[in-house]
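Asks: no sequence on hand, only this structure:
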Ligand SMILES: Nc1ncnc2c1ncn2[C@@H]1O[C@H](COP(=O)(O)OP(=O)(O)OP(=O)(O)O)[C@@H](O)[C@H]1O
Ligand SMILES: CC(=O)C(=O)O
Ligand SMILES: [K+]
Ligand SMILES: [Mg+2]
């Protein structure tokens with residue numbers, strides 16, 4: 001049985017679109033409702049229709065705002081219901097669907113930073129099995145050859161083993177940081193020691209107690225008496241003397257120095273933003289890395305230390321002109337005071353954002369980080385941009401096989417905020433327990449999501465309209481309504497047929513109770529949708545004919561045991577503006 005609500009739109013500037021829907025989803029008009037939309041000439045006509053499962057052939061009248069009707073013509077029927085073709089879904093999703101039924105699949109997405117502890121093919125496979133949706137490579141570390149090897153391995157894993165792990169490249173950015181410690185994995189700074197921070201270049205090994213600094217203006221910008229903080233205070237020094245390019249510093253808080261650790265300096269309790277505030281967000285080295293990312297076909301580029309929306313816009317147009325299919329998503333990393341100042345326009349300009357709590361916590365008081373996180377997560381949701389919560393989620397698991405209770409509480413809070421994705425950094429890049437850390441993220445996510453279902457706690461939040469064009473508004477309204485219906489009717493899944501992924505993200509934005517099966521024709525769109533909350537991306541060839549698409553999908557999913565007869569679903573698509581409610585035949 002099926003029911004549908006169709007939205008037919010006409011305007012003086014547009015000819016009515018036509019399509020056919022035939023058995024078993026025959027729509028017989030039961031009434032119509034006129035909604036004036038804004039103060040324009042355009043009027044949305046909503047026709048509520050109910051199905052009639054008799055053998056009659058399709059017939060439908062298109063109602064327009066001036067009352068003139070048009071008979072729908074036949075759409076091309078690319079796929080018959082017998083033509084099952086194939087559907088691509090990753091092995092993890094498939095197994096999850098089969099084992100747990102689809103209501104209990106994980107909604108929160110998981111990202112792992114890949115480093116020496118996780119770059120082996122088997123290690124990557126273990127992470128993929130454990131639920132890694134996106135692999136992140138950080139261009140701060142390692143060589144391009146090393147990153148290329150990781151990308152190749154992930155792609156091979158996807159091809160050979162049926163995963164759909166996306167790749168995110170993270171730029172180095174040109175904020176001040178230390179060099180690579182002459183190849184050492186770490187160095188210990190003790191209380192009272194004098195270290196030399198210098199902009200001079202050395203061939204390894206470095207002289208004892210020497211730290212190279214990437215920023216040429218460093219020695220000029222700092223003043224005697226300044227505090228120099230490594231990684232936001234993990235190690236602290238005081239500047240005691242400046243000699244040409246060398247800055248002598250006294251260690252006042254001892255600790256472990258890690259390669260390329262971030263450096264900030266503070267004067268009278270305030271972060272110093274001198275000429276370093278003028279450093280370009282994307283350095284010349286970053287541009288080369290970006291060219292590398294485009295050539296390798298990464299799915300996301302995360303931009304470090306974004307200050308304004310302009311840099312995001314610039315990068316997006318650069319990618320558009322160069323990327324093969326122009327579809328690398330740009331993620332703005334929110335990790336500086338400047339990015340907080342221009343938050344809304346930065347998020348608006350980008351395809352997603354990351355709450356990069358590591359560096360953010362080195363620029364603003366730590367106690368302010370949680371509220372900024374909440375604000376960013378909320379804003380991204382409102383503006384319909386995926387958001388990642390990153391850094392120190394399970395920091396202690398770099399060394400220990402279980403997390404602290406406080407870390408579990410922090411992860412829980414990020415899941416509760418319904419951020420799209422959680423990210424591991426050092427835990428998976430160089431920690432001792434990458435897989436165990438990922439398991440913790442997965443279990444905590446599943447646990448909280450299950451509680452929502454048990455308590456039938458719908459996510460009710462007022463989502464402002466985000467669209468400027470009329471046809472986008474219709475998509476948005478359809479998705480909002482479909483998600484609400486899905487909650488109220490307790491359906492098993494939402495199906496969305498979307499070529500560019502937009503309708504899928506609009507549904508994800510509503511954070512419905514049931515999972516969202518997103519069917520898309522492009523592999524690259526499918527991988528990108530992997531970052532978004534609640535979306536289960538499938539790749540499927542489909543036509544403009546929704547009936548045949550649904551038939552095809554049902555038989556393919558059914559054949560693989562991913563749905564069963566009687567399951568209740570709601571389907572929407574960006575080809576036919578309708579909401580259909582039906583049981584799987
Ligand atoms: N490709 C790599 N090669 C070697 N070590 C790596 C690599 N990627 C990450 N690491 C290690 O893992 C740690 C955490 O990784 P992460 O990506 O969070 O970097 P980060 O240096 O803290 O900076 P960012 O602010 O860019 O995230 C790093 O400090 C580094 O020691
Ligand atoms: C992820 C990152 O860049 C940070 O937390 O600083
Ligand atoms: K980075
Ligand atoms: Mg950072």
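Replies: Perfect, thanks for sending it. On a predicted model such as this, the values are computed, not experimentally measured, just so you know. Ligands and ions are numbered 1, 2, ... in the order given.
Asks: what sits closest to residue 480 if chain neighbours are left out?
Replies: Nearest residue to residue 480, sequence neighbours excluded (Cβ to Cβ, 6 or more residues apart in numbering): residue 510, at 6.1 Å. Where you see a C-beta, it was placed from the backbone N, CA and C, and this is true even at glycine.
Asks: swap in residue 241?
Replies: Using Cβ to Cβ, 6+ apart, the closest residue to residue 241 is residue 248 (4.2 Å).
Asks: which residues touch the residue nearest to residue 480?
Replies: 459, 463, 479, 480, 483, 484 (Cβ atoms under 8 Å, 6 or more residues apart in numbering).
Asks: and for the last one, the neighbour number?
Replies: Using other Cβ atoms under 10 Å as the criterion, residue 484 is surrounded by 14 other residues.
Asks: and the helix or strand where it lies, what other elements does it pack with?
Replies: If you go by DSSP states H and E, residue 484 is part of helix 470-489. When contacts are defined as 3 or more Cβ pairs under 8 Å, 6 or more residues apart in numbering; DSSP states H and E, helix 470-489 sits against strand 2-10, strand 493-497, helix 502-509, strand 568-573, strand 578-583.
Asks: taking strand 568-573 as reference, get the angle to that helix.
Replies: Here helix 470-489 points in a direction 180 degrees away from that of strand 568-573 (axes from the mean of the first three to the mean of the last three Cα atoms, to 10 degrees).
Asks: buried ones in helix 470-489?
Replies: Neighbour-count burial for helix 470-489 flags 473-483, 485-487 (criterion: 16 or more other Cβ atoms under 10 Å).
Asks: got these as CSV, with distance to ligand 1 columns?
Replies: Formatted as CSV, the buried residues of helix 470-489 follow (distance: Cβ to the nearest ligand atom, whole Å):
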residue, distance to ligand 1
473, 38
474, 40
475, 35
476, 34
477, 39
478, 38
479, 33
480, 35
481, 40
482, 37
483, 34
485, 41
486, 37
487, 37
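Asks: nearest residue to whichever residue of the stretch 401-550 of the chain sits closest to ligand 1 other than its sequence neighbours?
Replies: Residue nearest to ligand 1 within the stretch 401-550 of the chain: residue 425 (2.9 Å; Cβ to the nearest ligand atom). Nearest non-adjacent residue to residue 425, counting by Cβ to Cβ, 6+ apart: residue 113, 4.9 Å away.
Asks: and the one you found, how many neighbours?
Replies: So residue 113, with other Cβ under 10 Å, has 26 neighbours.
Asks: that one contacts residue 134, doesn't it?
Replies: No - in this structure residue 113 lies outside contact range of residue 134 using Cβ atoms under 8 Å: 9.9 Å.
Asks: partners of whatever helix or strand the residue nearest to residue 241 lives in, with directions?
Replies: Using DSSP H and E, residue 248 maps to strand 246-253. Sheet partners assigned to strand 246-253 using DSSP bridges are listed as strand 194-198 (antiparallel), strand 235-243 (antiparallel).
Asks: that strand - what's its average pLDDT?
Replies: Averaged over strand 246-253, pLDDT sits at 96.
Asks: quick one on the thing from earlier: and the angle from the helix holding residue 484 to helix 502-509?
Replies: Per the same axes, to 10 degrees, the angle that helix 470-489 makes with helix 502-509 is 40 degrees.
Asks: who in the stretch 301-450 of the chain is up against ligand 1?
Replies: Selection of the stretch 301-450 of the chain residues close to ligand 1 by Cβ under 6 Å from any ligand atom yields 304, 358, 359, 425, 426, 429, 430.
Asks: how many other residues sit next to the last one?
Replies: Other residues near residue 430 number 18, with proximity taken as other Cβ under 10 Å.
Asks: list the contacts of it.
Replies: Residues near residue 430 by Cβ under 8 Å, 6+ apart: 115, 116, 117, 185, 398.
Asks: reformat the contacts of residue 510 as CSV; add distance to residue 198 and pLDDT.
Replies: Shown next, in CSV, are the contacts of residue 510 (distance: Cβ to Cβ, whole Å; pLDDT from 0 to 100):
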residue, distance to residue 198, pLDDT
459, 53, 73
463, 52, 86
479, 56, 95
480, 57, 94
483, 57, 95
484, 61, 93
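Asks: closest one of the residues you listed to ligand 2?
Replies: Comparing the contacts of residue 510 against ligand 2 with Cβ to the nearest ligand atom places residue 459 closest, at 26.5 Å.
Asks: and the closest residue to ligand 2 within the stretch 401-550 of the chain, what pLDDT?
Replies: Across the stretch 401-550 of the chain, the shortest distance to ligand 2 (Cβ to the nearest ligand atom) belongs to residue 425, at 5.8 Å. Predicted confidence (pLDDT) for residue 425: 97.
Asks: so it sits right up against residue 358, yeah?
Replies: Yes - judged on Cβ under 8 Å, residue 425 makes contact with residue 358 at a distance of 7.0 Å.
Asks: let me have the buried residues of helix 470-489 in TSV, extended by distance to ligand 4.
Replies: As requested, those are exported to TSV (distance: Cβ to the ion, whole Å):
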residue	distance to ligand 4
473	37
474	39
475	35
476	33
477	38
478	38
479	33
480	35
481	39
482	37
483	34
485	41
486	37
487	37
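Asks: between which two of those residues is the distance greatest?
Replies: Pairwise distances across these (Cβ to Cβ) peak at 21.5 Å, for the pair 473 and 487.
Asks: tell me which of the contacts of residue 430 has the lowest pLDDT.
Replies: residue 185 (85).
Asks: pretty sure that residue contacts residue 256?
Replies: No - assessed by Cβ under 8 Å, residue 185 is found out of contact with residue 256, at 9.9 Å.
Asks: these two: which is more packed in?
Replies: Set side by side, residue 185 and residue 256 show more neighbours around residue 256, with 14 against 11, by other Cβ under 10 Å.
Asks: strands paired with the strand or helix carrying that one, and their directions?
Replies: Using DSSP H and E, residue 256 sits within strand 255-257. Looking at strand 255-257 with DSSP bridges, its partner strands are strand 187-189 (antiparallel).
Asks: distance from the centroid: which residue in this protein tops it?
Replies: Distance from the C-alpha centroid of the chain, by Cα atoms, centre = their mean, peaks at residue 243 (46.2 Å).
Asks: what's the burial count for residue 409?
Replies: Residues lying near residue 409 (other Cβ under 10 Å) number 11.
Asks: measure the residue in the stretch 401-550 of the chain that ligand 4 sits nearest to to residue 505 for me?
Replies: Here the residue of the stretch 401-550 of the chain nearest ligand 4 is residue 425; by Cβ to the ion that distance is 8.8 Å. Between residue 425 and residue 505 the distance is 25 Å, computed by Cβ to Cβ, to the nearest Å.
Asks: residue 542 too?
Replies: Residue 542 sits 19 Å away from residue 505, going by Cβ to Cβ.
Asks: now swap in residue 151 and tell me
Replies: Counting by Cβ to Cβ, the gap from residue 151 to residue 505 is 25 Å.
Asks: okay, the two: which has more neighbours?
Replies: Shown here are residue 151 and residue 505; by other Cβ under 10 Å, residue 505 has more neighbours (26 against 20).
Asks: wouldn't residue 582 be in contact with residue 571 here?
Replies: Yes - the pair residue 582 / residue 571 is scored as a contact, 7.2 Å apart, by Cβ under 8 Å.
Asks: the residue nearest to residue 234 when sequence neighbours are not counted: neighbouring residues, count only.
Replies: Closest residue in space to residue 234, ignoring its immediate chain neighbours: residue 255 at 5.0 Å, by Cβ to Cβ, 6+ apart. The tally of other residues near residue 255 (other Cβ under 10 Å) stands at 17.
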